[in-house]
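> just to be clear, the model below is a prediction. Sequence and coordinates:
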Amino acid sequence: MLEPEVERRPWAEQLEVDDASYRTQLAYLFERSSFYRDKLEAAGLTSADAAGGLAEIARLPLTDKRELKATCTPENPVGAHLCAVPSEIVRIYSTSGTTGAPSYVPLTAGDLDNWVTGSARSYAASGIAAGQRIVSTYNAGPFVAGAALASFERIGLTHVPLGTGNTERLMLAVELLAPDAVVLTPSYAAYLVEWAADRDVDLRGSSVARVLVAGEPGGGEPAFRAKLEDGWGARVTEAMGIGDIGVSLWGECEEQEGMHLGARGFVHAELIEPETGVAVELTDGATGELVLTHLQHRAAPLLRFRTRDHVEVRMSRCACGRTGPRVRCIGRTDDMLIVRGVNVFPSAIREVVNAFVPDVSGYIVVKPRGRGVKQEPPLPVSVELAQDAAADDALAEAIRLRLREALVVQTRVELVPWGSLQRSEYKAKLVEHS
Ligand SMILES: [Zn+2]
């Protein structure tokens, strides 16, 4: 554990520390953030005292990324939530927005240091430790994830940055430099298992004992994880962040029971019901959209920011000794479809389908017929067969029934030949609107 005195702190004690940080953060927002001053005043809160403490945070309005973008001007391309003066800012990242235009994420030296600290705790939770060697495969330099790479030095690892797009070179480095761990997206980890099998490369026999996955949901899905662990002969744990708030805020420990909040003390986590915005209590098994609040941020702090990540929470004790909530990402709220009133995540469909490996390859694409979120059943799902497997009506029917049972959704399952769905060296695309 990187910082046992912090990571093992009783959660109630952490919330007291966080409450003090939060009150200071609110006072800072009232002083420096025209965005939050206006937003909180519009909600009838005219001072930090009026807004109260962390226990009353659910009374405050939520922040949506679109609202921030709407305040961007040529004079202030960051947005009205910018609090720091130019001389305080040491870095400005860009995040790719779903609309295309990037958002800018400025950081002070202290913000950046907190990002690296939180990310280092999250990655160290996987069990990787000082003196070991890690190969990274993110073309992350210009992107927010680039800050996560600094956390590898913080842990004391030897970092071998390789980037995406040259699998031959990556596998050569794995062979010659004998890393203890690799960090990559779950899609790329799965792609490499197939790549190695096609070439009779013994991935299981490599030096890699830990596969750290991040960047998209999947690493926590039991069947998908089992497939990766089998292919790599290594333990798979996941990490998760959100560009506007911080990199690798969450990281899973060796117990593989969900991701711990590595950024504890810097970020406060809440859950809401995505449709109504109503707060959901953090109890064992609770699900909802993750909402995050900066506690010690200076450049462009955010309050109750909607991450669009739909998660399941675990509050039970973890055997590793770390305290506080753990999460498992179920999917992106943006990918969610509503089929006759039932929320359906494409990543959850993949999870169910993965139970049919080795009859299927594990690749799926959901092809909604209508535009928008609401869909009429049956929802078309293409499921790729395993190599050399032939289409089989009984298999399609079995998958359809399992999906109905597990997710309460009516689907139309189409089995497609092996290799016909797109592989990704980065992130998987699970939904294809026609
Ligand atoms: Zn743990």
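All right, it came through fine. Residues are numbered from 1 along each chain as shown.
> low-confidence regions, this structure specifically.
Regions of the chain meeting the criterion pLDDT under 70 cover residues 96-100, 140-142.
> what parts of it come near the ion?
Along the chain, the residues adjacent to the ion under the rule Cβ under 5 Å from the ion are C253, E255, C318, C320, R322. Just so you know, the C-beta spots here come from the backbone N, C-alpha and C atoms, and that holds for glycine as well.
> if we use 6 Å, what do you get?
C253, E255, H260, C318, C320, R322 (Cβ under 6 Å from the ion).
> most surrounded residue in these?
H260 (27 neighbours; other Cβ atoms under 10 Å).
> rewinding a little: mind checking which of the residues of the chain next to the ion land in strands?
Among the residues of the chain next to the ion, the ones falling in strands (DSSP state E) are H260.
> between the residues of the chain next to the ion, which is nearest G288?
Lowest distance from G288 to those (Cβ to Cβ) belongs to H260, with 18.5 Å.
> wait, the closest one touches S122, no?
Yes. With contact defined as Cβ atoms under 8 Å, H260 and S122 form a contacting pair (7.3 Å).
> what touches both of the two?
Counting by Cβ atoms under 8 Å, 6 or more residues apart in numbering, the shared contacts of H260 and S122 are W250, G251.
> mind listing the strands for the stretch 51-200 of the chain?
Shown for the stretch 51-200 of the chain, the strands assigned by DSSP state E, counting those that start in this stretch span residues 89-95, 103-108, 133-136, 158-161, 181-184.
> so which of those strands is the most surrounded?
Mean neighbours per residue, mean count of other Cβ atoms under 10 Å, is largest over the strands of the stretch 51-200 of the chain for strand 181-184, with a mean of 26.
> how near is the closest residue to G321 other than its chain neighbours to A50?
Spatial nearest neighbour of G321, excluding adjacent residues (Cβ to Cβ, 6 or more residues apart in numbering): R8 at 5.2 Å. Per Cβ to Cβ, to the nearest Å, R8 is found 35 Å from A50.
> over to S33?
Distance from S33 to A50, by Cβ to Cβ: 16 Å.
> just A120 next, same as before
A120 is 37 Å from A50, by Cβ to Cβ.
> what's around R412, how many residues?
The local packing of R412 (other Cβ under 10 Å) involves 14 other residues.
> quick one, helices of the chain?
Ranges of helices in the chain, per DSSP state H, are 4-7, 11-32, 34-42, 48-51, 65-70, 109-124, 146-155, 167-177, 186-198, 222-232, 346-354, 393-407.
> could I get those as CSV with mean neighbour count?
Shown next, in CSV, are the helices of the chain (neighbours: other Cβ atoms under 10 Å):
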stretch, mean neighbour count
helix 4-7, 14
helix 11-32, 17
helix 34-42, 17
helix 48-51, 16
helix 65-70, 16
helix 109-124, 23
helix 146-155, 20
helix 167-177, 15
helix 186-198, 20
helix 222-232, 18
helix 346-354, 23
helix 393-407, 15
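> out of the ones you listed, which is closest to G372?
Nearest to G372, of all the helices of the chain, is helix 346-354, at 15.1 Å by Cβ to Cβ.
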